[in-house]
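Novice: sequence? don't have it. structure:
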RNA sequence: CGAGUUGACGAGACAAUCGCUGCCUCAUCGUGGUACUUUCGAGUAUACGGGUGAGGGGGAGGAAAGUCCGGGCUCCAAAGAGCAGGGUGCCAGAUAACGUCUGGGCGGCGUAAGCCGACGACAAGUGCAGCAGAGAGAAGACCGCCGAUGGCUGCUUUCUAUUUCGGUAGAGCGUAGCACAGGUAAGGCUGAAAGGGUGCGGUAAGAGCGCACCGGGCGACUAGUAAUAGUUUGCAGCAGGGUAAACUCCACCCGGAGCAAGACCAAAUAGGAAUUCGUACGGCGUGGCUCGCGUUGAAUUCGGGUAGGUUGCUUGAGCUAUGGAGCGAUCCAUAGCCUAGACGAAUGAUUGUCACUUUUCUUCGGAAAAGAUACAGAACCCGGCUUAUAUGUUGACUUAACAC
RNA sequence: ACGUCCGUAGCUCAGUUGGUUAGAGCGCUACCUUGACAUGGUAGAGGUCGGUGAUUCAAAUUCACUCGGACGUA
């Protein structure tokens, strides 16, 4: 059954969970977005967000980007393998439109799926 | 109708689909507690916490921002005393409090509505003012003016002495000159600033030296709670400029830290080793000092080890309505309402329709196309201030021109 | 979230009881020295003192607001 739910179980919550991803990541990227990926053993996919204040200055823009990423992850999660991933963002992302962010993310999802087949 | 001033409110709407978050109700699952039954396996009931599902209703701001003030709350001792330090600064009021607000005063800007003002004291004391300039604070004579008085020189005349009878010398009066002593702050020059202003008189020239008016000072009176005001009145020619966002003085206010405060649960700070000081006139306890109060051996080094969860957390100086008091800020009474509580951090995404602005077309009903949708995201909570902001609705007021 | 501090030349810093003109080192430019380079020497350019306003005769310095940056607190 395919669900589009997005609960606390599908997020990275503690610093140690984040550290696991940062230790030995596989990198995927586009012009404005970098994603670090590690496979996990919990039979689950988990998303973490690292949107630095240094890269995106205004809180409104940071929130907007995070919502877009979560929304895209929520809609595409059932296609993904069991991985932990952290999404990072480069400077200038706050000037992108919502649909541009979504296009970039969808490209990266496809790359990850291919890599893990 | 144009231009403007000022206050209040708003900050796109609706629908569908897919989500997030916490609240309520119901169903269900499992577990611990309590009561009852028991064949000691368990079963039933109950309330609460937890998981899952369904339904319902709620979910960012006017500035949530800057962190510039003030308060609540929490801990430091129950928050105390003095000093230091800091803040505020016309008067009165409002308030939990304020650097805020309201009303009034004074000054400035504007035709006006209205707006702006860190607006106590420099006559308590100390300090500062480069360069320029004569002089910078009980000032000063550089140019200029005068030179009455005194001095020097000349002339007229009078007197005295002397005489070679032409004069000569001295003294006095008058007068002309010099600018030597000196007088003078009206004018010039310098500067941001030069010790009341204008006029007349006056004088050697001038000067509050005298007078008139204006301005200012001190006191009285009147009005006002007061700041302050006055076509009131008396006094004295004027009394010393600027700077306190210079030290300072005066009045009033302020103990320190902050929800990463603090509390609870589990773990942990353990147990150790070495050195030094000390055994109470000491050390520590928030940050400045002294007192006071509380508590008690302290410091350094080596080695070892943690930083998870719950709570604080949203019912509050709360909001709405009505009535009353007050010019107003605001306050009082009654009734009703509950309106975000997240924590690697929710409050969203997509699509459609309408609404907004501009342009074009128009049968003046509207239609089409394009564009824009600001500033910006709660993190303990309030009251303000300040800064950012596309734009909409509306109240009151001022004013030019025109029309009546 | 709360708290503290800092902005001066291209870089690193001086300079603040308000006073004439904002200075040092490195770097930069030109010339001299060398066959050439380095070194050395001489000269020169380069500053809205983060911004706006206020106080004052006068502000890098004092005050208010504002912009940017750094650090600390579990």
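Specialist: Thanks, I have it. From a predicted model like this one, the values you see are computed outputs, not experimental measurements.
Novice: Tell me the pLDDT of whichever residue of chain A sits closest to RNA strand B.
Specialist: Distances between chain A and RNA strand B by Cβ to the nearest atom of the strand are smallest at residue A:15, namely 3.2 Å. Just so you know, the C-beta spots here come from the backbone N, C-alpha and C atoms, and that holds for glycine as well. Looking at residue A:15, its pLDDT is 70.
Novice: From the contact counts, what lies against the lowest-mean-pLDDT helix or strand in chain A?
Specialist: When each helix and strand of chain A is scored by mean pLDDT, DSSP states H and E, helix A:15-23 comes last, with a mean of 75. Judged by 3 or more Cβ pairs under 8 Å, 6 or more residues apart in numbering; DSSP states H and E, the packing partners of helix A:15-23 are strand A:33-39, strand A:46-50, strand A:83-89.
Novice: for the last one, packing partners?
Specialist: Put plainly, it is strand A:83-89. Applying 3+ Cβ pairs under 8 Å, 6+ apart, we find strand A:83-89 packed against helix A:15-23, strand A:33-39, strand A:46-50.
Novice: So which residues make contact with the longest one?
Specialist: Spelled out, that is helix A:15-23. With contact meaning Cβ atoms under 8 Å, 6 or more residues apart in numbering, helix A:15-23 is reached by A:12, A:36, A:37, A:38, A:40, A:46, A:48, A:50, A:84, A:85, A:86.
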